[in-house]
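Colleague: This is a predicted model, with the sequence first.
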Amino acid sequence: MADMGSPKKKRSYHSSRLIQSAIIHLILLLFVFIALFPIYLMFNAALKTSRELFQSFLTLPTDPQWQNFGFILNEQGYKGALYNSMILSTSSMILTTVISVLAGYGFAIYRFVGKQWLFLLVLTGLMVSETSVLIPVYQLLQDLGLLNTYGGMILPQAALGLTFGVFLMTTFFKDIPRALIDAAVVDGGSDLQVLRYVIMPLARPAIMSLALIEFMWAWNSFFFPLVIATKQWLMPMSVRIIDFMGRFTFRYDMIAATTVILFTPILVLYLITQRSFHRGITFGALKD
Amino acid sequence: MGEPTWKDAGMGRFNVRPYIFIAPALIYLGVWIFYPILNALVLSFFDSPTGRSRDYFWVGLGNYAKLFQDDLFLKSLYHNIIWVLLSIALPVVLGLLLAVLLAGRGRTRLMYASIYFIPQTVAAVCAAIVWRWIYDPSIGPLNWLLETIGLTGRPWLADESIVLIAVNMIGSWSYYGFCVLIFMAGLQNISPELYDAAKIDGAGALQQFFYVTIPLLRNAIVFVLVYTIIGSMKFFDLIFVATNGGPNEASTVVGLRIYWHSMREGRFNYAATMSTILTVVILALSVVVIRQIVTEDEED
């Protein structure tokens, strides 16, 4: 505002601002392009014939090959893989969410001996990877006779998201006004009533976020299913795709169609519930 | 308000109820995470006469001695470290810059962030498959694009000298949106008055960035760094599908070695030794980052 005086100076100030803003917009848009272009290529390739794809991958398909998807799901038997993905993701989502809500309640509402230590213990789970626990988990499943079963695929998968779940629920429940809980307790509410009628309604968005993220992780998961589900009838979509790649080498149209089948449910889910995803992912990062 | 009447179990009499609520989580993590971690440590001190057999015999630190002479393992660990550095240099730094550019940009800010995040929802397996095609030297879009504008293409995933960077680009592609989201949320917590104050003191854009933004984003930065380190040390899916460690093991990582030795060769004890090393390295790196930044905090 110091350069209000001369009109000439004002204009140059203005135009340099304009250029700066244009550059910023260009950068922002460039990364929109980078994010979306491979996804455009993937959908585009899935809808072309192999020959058309070879001619050009940029232009839109002249005759969209919707039957590619039917061919993969029905004739190639991938419907079963989609069903397995559904079972795996839904079950591990429910398991993780229920256990996390219970633990979140315990950690957020009560004070008790060893609380800090136990919470820290749970948090160390964040640093554990599938590859770190592979061998003992594999042997345990073998001993329990759970290799190549739905249970064997679901149980360890649910554990991978549990630390995040407990952490997210605890931080969220701590933010619920204490007076509301006190009032319910004074009125003679039991723990489960407080959880059901006070906490759950208030924390519904947080629980939604957790459930969605856990669903996505399990849907996209690969390592445990690869090792545990070695029989074709049990493989989820993410693992079956690899086998498909082996049989359809260079049929990039077909391979792209399988990736579209795996990706689309999550894309739709994300587009509908973006805010929930964002809340869940950013909340944990920024509390203490 | 007076004395809070909230549930207080530790001070007076012992209350078993909180433990009942946290028990399922602790037992579950115990069975599938903590017991396996300890079991891997135990397994690393034994060996078995043949693959997949469980007639273990004690070898002490024998597996560790072998491991540190295993060039392929050392190479894979080195690749993981490179991956950490590349992931910090690219998506994390980029995420921070984009978040700063987006700051104070009203509603469109969320739109941009939502779009940047989309690649993160693509399964690593899918991303690897799609990018394998994009990178394909003969029919892939990337080389076609480069040749159209007069550059020469390369066999990205078949060239030992660049394969790791090429695969990291796939990871970066899916990761920068995540970083933007975290940093953007962190920036929201910074009060605009601080920037006004800095401007009055004559701070330029760069000074504002280094003296206001960075220090106040400390929590978000620690989180992203630790998360990046953990993710980079343990990643598997992307590389397994994109290159399976090739060509000539130029992109192999510890996760692949563990999978190979256990599931393909049945050398469970040797693989468990690698798992243990991996856990220790992740823990050590995380602690170093957290302590480094927390100490800086105290010096202020």
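Modeller: On my side now, so go ahead. Model, not experiment: these values are computed from the prediction.
Colleague: who touches A:I241 in this structure?
Modeller: Residues near A:I241 by CB atoms under 8 Å, 6 or more residues apart in numbering or on different chains: A:258-259, A:262, B:125-126, B:129. For the C-beta atoms, the positions are set from N, CA and C on the backbone; glycine is no exception.
Colleague: For the helix or strand hosting B:Y270, name the packing helices and strands.
Modeller: Using DSSP states H and E, B:Y270 falls within helix B:268-299. Here helix B:268-299 touches helix A:130-143, helix B:35-43, strand B:46-47, helix B:62-67, helix B:71-87, helix B:218-234, helix B:254-259, going by 3 or more CB pairs under 8 Å, 6 or more residues apart in numbering or on different chains; DSSP states H and E.
Colleague: tell me the most buried of these?
Modeller: Across the helices and strands packed on helix B:268-299, averaging neighbours per residue (mean count of other CB atoms under 10 Å in any protein chain shown) puts helix B:254-259 on top, at a mean of 25.
Colleague: Can you show me the CA trace of it as PDB?
Modeller: Taking Å, rounded to 0.1, in the frame of the first residue of the first chain, the C-alpha atoms of helix B:254-259 are listed here in PDB:
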ATOM      1  CA  VAL B 254      14.600 -55.900   1.600                       C
ATOM      2  CA  GLY B 255      11.000 -56.800   1.300                       C
ATOM      3  CA  LEU B 256      11.700 -58.700  -1.900                       C
ATOM      4  CA  ARG B 257      14.600 -60.600  -0.300                       C
ATOM      5  CA  ILE B 258      12.400 -61.600   2.600                       C
ATOM      6  CA  TYR B 259       9.700 -62.900   0.300                       C
END
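Colleague: How far away from the center of its chain is it?
Modeller: From the chain centre to the centre of helix B:254-259 is a distance of 16 Å (CA atoms, centre = their mean, to the nearest Å).
Colleague: Mean confidence (pLDDT) on that helix, please.
Modeller: The average pLDDT within helix B:254-259 is 95.
Colleague: Please apply the same query to stretch B:62-77.
Modeller: The average pLDDT for stretch B:62-77 rounds to 94.
Colleague: if we can go back for a sec, so which bits of the helix holding B:Y270 are buried?
Modeller: Residues B:268-279, B:281-282, B:285-286, B:289 are the ones in helix B:268-299 that count as buried (16 or more other CB atoms under 10 Å in any protein chain shown).
Colleague: Show me which residues of the stretch 51-200 of chain B sit near chain A.
Modeller: Neighbours of chain A within the stretch 51-200 of chain B, by CB under 8 Å from any CB of the partner chain: B:54, B:94, B:98, B:101-102, B:112-119, B:121-127, B:129-131, B:133-134, B:136, B:139, B:141, B:144, B:173, B:176-178, B:181-182, B:184-186, B:189.
Colleague: Those residues, buried ones only, as a PyMOL selection?
Modeller: Entered in PyMOL, the line below selects the buried ones among these, by 16+ other CB under 10 Å:
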select buried, chain B and resi 94+98+101+102+112+113+114+115+116+117+118+119+121+122+123+124+125+126+127+129+130+131+133+134+136+141+144+173+176+177+178+181+182+184+185+186
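Colleague: Now, the residues of the stretch 51-200 of chain B next to chain A that are in strands?
Modeller: Judged by DSSP state E, the subset of these located in strands is empty.
Colleague: in chain A, which spans are helices?
Modeller: A:7-46, A:50-55, A:67-70, A:79-109, A:115-124, A:130-143, A:150-174, A:178-186, A:191-193, A:200-220, A:223-228, A:237-247, A:252-286 (DSSP state H).
Colleague: Is it possible to get JSON lines of these that adds mean pLDDT?
Modeller: What follows is the helices of chain A, written out as JSON lines (pLDDT from 0 to 100):
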{"stretch": "helix A:7-46", "mean pLDDT": "85"}
{"stretch": "helix A:50-55", "mean pLDDT": "80"}
{"stretch": "helix A:67-70", "mean pLDDT": "87"}
{"stretch": "helix A:79-109", "mean pLDDT": "95"}
{"stretch": "helix A:115-124", "mean pLDDT": "90"}
{"stretch": "helix A:130-143", "mean pLDDT": "94"}
{"stretch": "helix A:150-174", "mean pLDDT": "93"}
{"stretch": "helix A:178-186", "mean pLDDT": "84"}
{"stretch": "helix A:191-193", "mean pLDDT": "86"}
{"stretch": "helix A:200-220", "mean pLDDT": "92"}
{"stretch": "helix A:223-228", "mean pLDDT": "95"}
{"stretch": "helix A:237-247", "mean pLDDT": "87"}
{"stretch": "helix A:252-286", "mean pLDDT": "88"}
